[in-house]
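# Take this sequence and fold it.
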Amino acid sequence: MALPVMVYLLGISPVQSTVYSLFTVGTVSALGALNYIRNGRVNLKSVITFAVPSFITVYITRRLIVPEIPPVVWEADNFQITRETAVMLLFAVLMMAAAVFMIRSRETDRSDADKGTVGMSRTLLIAAEGAGVGMLTGILGAGGGFLIIPSLVLLSKLTMKEAVGTSLTIIAINSLTGFIGDIHAGQYIDWLFLLSFTGIAMAGIFVGSYFSGLISEQKLKNYSAGIHMKIEQIYTGCLAQGSYYIHSKGEGVVIDPLREVTPYLERAKADNVRIKYIFETHFHADFVSGHVTLAEKTGAQIVYGPGATPAFKAHTSKDGEIFKVGDITFKLLHTPGHTMESSVFLLSDEQGREHAVFTGDTLFLGDVGRPDLAQKGAELTQEDLASYLYDSLRKKIMPLPDSVIVYPAHGAGSACGKNMMKETYDTLGNQKK
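Numbering: from 1, shown residues only. So this is what the prediction gives:
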């Protein structure tokens, strides 16, 4: 946002501001990218695919095209659009288009078969967008992160933090290349002002980096896409068990609640939320659920998957049943195997995008649910349950988009699996690898 700050707050002409913006954005992005590079969160392949066509078009635009833009771009009668006005109008249009793209773009289903057939097409799309972003960067002096990040997430299938680190690297290359083009074109540079302004911006990077470590990838995705919902994982270390509190527009759900329900009640009161549903992914054998108590205190409906026969008031769902909570929806997917009523809950955001899946004991990070715990009650062999579990994973969970975030009921240290990862959530794409 260096361009509008320089134009509207500091009174610098839009064209000159694009020159200074390139240096500031490039330098600050390079500094920000260093931390991501050290942490291995920069995808070199994506940098090359996106940046090479991008910095070529940036340099050509700044060196050859921008100097040739006439002072008056369009004129009719007593009305004219100057070069400076055209730059700011284009910037405004670009920001509006970026906002619409971030909000309305829908993730597509990428099956294993699809990956092999469209890999080259996806690479060409990334390169083409790189060239387009390069031209816009050259004209406006804007880094274009709001266009680069969605491309990296949707086309390169990077995690949100990988996309941020890779985007910063690309922006640094693009912007500094464009600035070099300006120097070669003989542009005047007020170095004292430029270095002072850039120094202040660099200080902001350190503050931003600190707070970035405190914000989960889930929240980063929500903020960037304009999604109005909250997902909170309430994790109990002694049980290595994850419970979830989610709300949207004043309505909430709790998934696999712990015995002590006070944390949910306190959160709902603070957020002015009415807990509408209590989703149970299966009958639990390793801890006592607080679902009945929570339902009594909130009036929420307890929900189980097909085949469940609870001895208390609850709703037994059909496979594929939809539950609306505020602006978001949950779809119950019946996934027998760990137990016969086991189900997962697929969350779609307010734009209809499949956003997250709460997998209970069906799928963990790095492992799958045990099929040997419910065979007596179901009068099935361990092999029978394993077969059900295999089908559930292949037919219900694997076809979901790679970008869907997996929230399991247990993590490392639980007796429910031997190979669980220490992380407590991850993208489905990473778990497929």
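# Where does pLDDT dip in the stretch 201-350 of the chain?
Counting by pLDDT under 70, the ranges of the stretch 201-350 of the chain that qualify are 205, 208-228, 238, 285-288.
# and with 90 instead?
201-230, 235-242, 259, 283-289, 349-350 (pLDDT under 90).
# now the helices: where do they sit in it?
217-225, 262-271, 291-298 (DSSP state H, counting those that start in this stretch).
# quick one: Lys432 and Met398 touch, right?
Yes: using C-beta atoms under 8 Å, Lys432 is in contact with Met398, at 6.9 Å. C-betas here are computed from N, CA, C, even on glycine.
# any idea which residue of the chain is furthest from its center?
Most distant residue from the mean C-alpha position of the chain: Asp77, 48.8 Å away (C-alpha atoms, centre = their mean).
# pLDDT wise, what is it at?
pLDDT recorded at Asp77 is 74.
# So what does it have for phi and psi?
For Asp77, the backbone dihedrals (degrees, to the nearest 10) come out as phi 60, psi -120.
# quick one, what contacts His334?
His334 is in contact with Gly305, Pro306, Asp319, Ser342, Ser343, Ser392, Lys396, counting by C-beta atoms under 8 Å, 6 or more residues apart in numbering.
# Out of the residues you listed, which end up buried?
Neighbour-count burial (16 or more other C-beta atoms under 10 Å) is assigned, among the contacts of His334, to Gly305, Pro306, Ser342, Ser343, Ser392, Lys396.
# Dump those residues into a markdown table; add distance to Met421 as well.
Shown next, in a markdown table, are the buried ones among the contacts of His334 (distance: C-beta to C-beta, whole Å):
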| residue | distance to Met421 |
| --- | --- |
| Gly305 | 25 |
| Pro306 | 30 |
| Ser342 | 21 |
| Ser343 | 23 |
| Ser392 | 20 |
| Lys396 | 21 |
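# before we move on, back to that, which of the contacts of His334 lies closest to Lys45?
Lys45 lies nearest to Lys396 out of the contacts of His334, by C-beta to C-beta, at 31.2 Å.
# Now that closest one: closest residue in space that isn't a chain neighbour?
Nearest residue to Lys396 in three dimensions, chain neighbours excluded: Leu333, at 4.7 Å (C-beta to C-beta, 6 or more residues apart in numbering).
# Not counting stretch 294-310 itself, show me its contacts.
For stretch 294-310, using C-beta under 8 Å, 6+ apart, the contacting residues are 253-254, 257, 261, 264-265, 268, 274-283, 291-292, 312-319, 323, 332, 334-336, 340-343.
# Kindly export it (C-alpha atoms) in CSV.
What follows is stretch 294-310 as a C-alpha-only set of coordinates in CSV (Å, rounded to 0.1, in the frame of the first residue of the first chain):
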residue,chain,number,x,y,z
LEU,A,294,-23.8,-29.1,27.2
ALA,A,295,-27.1,-29.8,25.4
GLU,A,296,-29.0,-29.3,28.7
LYS,A,297,-27.4,-26.0,29.3
THR,A,298,-27.7,-24.6,25.8
GLY,A,299,-30.6,-26.4,24.1
ALA,A,300,-28.3,-27.5,21.4
GLN,A,301,-29.1,-30.6,19.4
ILE,A,302,-26.7,-33.6,19.7
VAL,A,303,-26.0,-35.1,16.3
TYR,A,304,-24.6,-38.6,15.5
GLY,A,305,-24.0,-40.4,12.2
PRO,A,306,-26.1,-43.2,10.6
GLY,A,307,-26.6,-46.3,12.7
ALA,A,308,-26.1,-44.6,16.1
THR,A,309,-28.6,-45.7,18.8
PRO,A,310,-27.9,-43.4,21.7
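# Tell me the one of the buried ones among the contacts of His334 nearest Ala240?
The nearest member of the buried ones among the contacts of His334 to Ala240, counting by C-beta to C-beta, is Ser342 at 18.3 Å.
# surely that closest one meets Leu333?
No: look at Ser342 against Leu333 with C-beta under 8 Å: they stay out of range, at 10.0 Å.
# what do the two both touch?
Shared contacts of Ser342 and Leu333, defined by C-beta under 8 Å, 6+ apart, are absent.
# all strands of this protein, in order?
Assigned by DSSP state E, the strands in the chain fall at 72-76, 79-82, 230-236, 241-248, 251-255, 274-279, 301-304, 315-316, 322-325, 328-334, 343-348, 354-360, 405-408, 426-427.
# angle of the longest one against strand 251-255?
Calculated by axes from the mean of the first three to the mean of the last three C-alpha atoms, to 10 degrees, strand 241-248 forms an angle of 170 degrees with strand 251-255.
# Can you tell me what sits against strand 241-248?
228-236, 252-258, 263-264, 267-268, 271, 273, 286-287, 325-328, 347, 350, 358, 407-411, 414, 424.
# Quick check on those: which are buried?
Applying 16+ other C-beta under 10 Å to the contacts of strand 241-248 flags 229-235, 252-258, 263-264, 267-268, 273, 287, 325-326, 328, 347, 350, 358, 407-411, 414, 424 as buried.
# residue ranges with poor pLDDT in the stretch 51-200 of the chain?
For the stretch 51-200 of the chain, the stretches with pLDDT under 90 are 51-168, 170-188, 200.
# what ranges do the helices span in it?
83-104, 112-140, 145-154, 160-184, 191-212.
# how far away is the residue nearest to Leu258 when sequence neighbours are not counted from Thr281?
In space, Leu258 comes closest to Ser243 once its chain neighbours are excluded; the distance is 5.3 Å by C-beta to C-beta, 6+ apart. Using C-beta to C-beta, to the nearest Å, Ser243 is found at 11 Å from Thr281.
# so what sits against both of these two?
Common neighbours of Ser243 and Thr281 (C-beta under 8 Å, 6+ apart) are Ile255, Asp256, Ala409.
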